[in-house]
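Participant: give me a model of this one.
(one chain, ligands or ions: 2)
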Amino acid sequence: MLELRNLSVTLDNGKEPVEVLRDISLSLKENKIYVMTGPNGGGKSSIAKAIMGIYPASKGQILLDGQDITALEIHERARLGIGYAFQQPPRFKGIQVRDFLTLAGGPDARVNPCNLLIDVGLCAQDYLEREMDASFSGGELKRVEIASILARRLKVAVFDEPEAGIDLWSFQKLTETFRDLHQRQETTLVIISHQERILRLADEVILVSGGRIADITSHEKILGDIRRIDSDCLCRQGCNREGRADAECHR
Ligand SMILES: Nc1ncnc2c1ncn2[C@@H]1O[C@H](COP(=O)(O)OP(=O)(O)O)[C@@H](O)[C@H]1O
Ligand SMILES: [Mg+2]
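Facilitator: Ligands and ions are numbered 1, 2, ... in the order given. Here you go, the predicted structure:
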């Protein structure tokens with residue numbers, strides 16, 4: 001359904017070119033949940049941005065249902081059914097939450113903004129009339145942005161660390177929402193996360209590190225590995241020092 005073929009991304013930030021992704025190959029199937037995890041700076045958000053067309057491919061291809069979309073712009077990919085909820089969403093000044101969600105859903109939106117807010121753990125009454133300005137906390141903004149992605153019927157929806165800044169109750173609700181969305185629609189979900197609750201939703205876990213795919217595995221295997229690291233090493237850095245947390249141990 002969505003395929004990345006030997007995708008590399010090199011960004012030129014004015015000084016020198018930085019290779020952020022190297023030779024990524026992935027094949028994502030319809031109506032599955034993929035959870036992408038791995039160390040900070042590993043390249044997870046960059047993969048999401050390459051899928052959305054925010055970062056251009058320097059090598060390789062991206063295909064959606066067999067169509068080569070590598071050269072398509074962000075809005076063209078959005079029209080084909082790809083959506084991305086940013087790790088750090090932008091603030092939209094001067095727009096009310098209700099209008100933002102209605103616009104996101106498009107002309108044939110069937111989802112009501114109230115229900116969307118409830119799905120992400122926000123009380124609709126408190127938020128519908130609010131403007132998405134500086135008074136919004138990072139967590140509130142993230143949840144409204146997630147709701148705007150839920151408003152659309154998408155082929156591929158990518159959520160980048162949806163747990164950030166969210167209280168436990170809302171997080172529980174959000175996890176249920178992802179599960180329901182998966183059951184209701186033909187959407188392929190790609191969720192970038194480090195949370196066990198989210199990992200447990202995964203049909204496959206994609207481990208990203210050093211700008212590459214390090215492994216594609218099951219959540220049972222990943223969670224087993226994490227538990228082993230936790231029990232072996234008090235500093236939880238995976239250095240296998242058998243229960244000691246001494247100065248050397250903190251890498
Ligand atoms: N626009 C950019 N310009 C330069 N380097 C970038 C840019 N975006 C990401 N990177 C670098 O690419 C690497 C991967 O970043 P990112 O994809 O955000 O990782 P993750 O989401 O896994 O934490 C990091 O070293 C980061 O500094
Ligand atoms: Mg990231």
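
Participant: C-alpha only now, for contacts and for neighbours.
Facilitator: OK.

Participant: what does the stretch 1-150 of the chain put close to ligand 1?
Facilitator: 11, 13, 20, 40, 41, 42, 43, 44, 45, 46 (C-alpha under 6 Å from any ligand atom).

Participant: which among those residues count as buried?
Facilitator: Neighbour-count burial within these applies to 20, 42, 43, 44, 45, 46; the criterion is 16 or more other C-alpha atoms under 10 Å.

Participant: and the fifth one, what does it touch?
Facilitator: Right, residue 45. 87, 160, 192 (C-alpha atoms under 8 Å, 6 or more residues apart in numbering).

Participant: can you do 10 Å?
Facilitator: Applying C-alpha atoms under 10 Å, 6 or more residues apart in numbering to residue 45 gives the contacts 36, 51, 86, 87, 158, 159, 160, 161, 192.

Participant: next one: the last one
Facilitator: Residues in contact with residue 46 (C-alpha under 10 Å, 6+ apart) are 9, 20, 21, 52, 54, 55, 211.

Participant: where does it land on pLDDT?
Facilitator: On the pLDDT scale, residue 46 is placed at 97.

Participant: count of residues packed around the closest residue to residue 196 other than its chain neighbours?
Facilitator: Closest residue to residue 196 apart from its sequence neighbours, by C-alpha to C-alpha, 6 or more residues apart in numbering: residue 223 at 7.4 Å. Residue 223 sits with 14 neighbouring residues when counted by other C-alpha atoms under 10 Å.

Participant: how much space is there between residue 223 and ligand 1?
Facilitator: With distances taken as C-alpha to the nearest ligand atom, to the nearest Å, residue 223 is found 18 Å from ligand 1.

Participant: surely that residue is in a strand?
Facilitator: No - read with DSSP: H, G, I helix; E, B strand; the rest coil, residue 223 is helix and lies in no strand.

Participant: that one against residue 37, yeah?
Facilitator: No - using C-alpha atoms under 10 Å, residue 223 is not in contact with residue 37, being 11.5 Å away.
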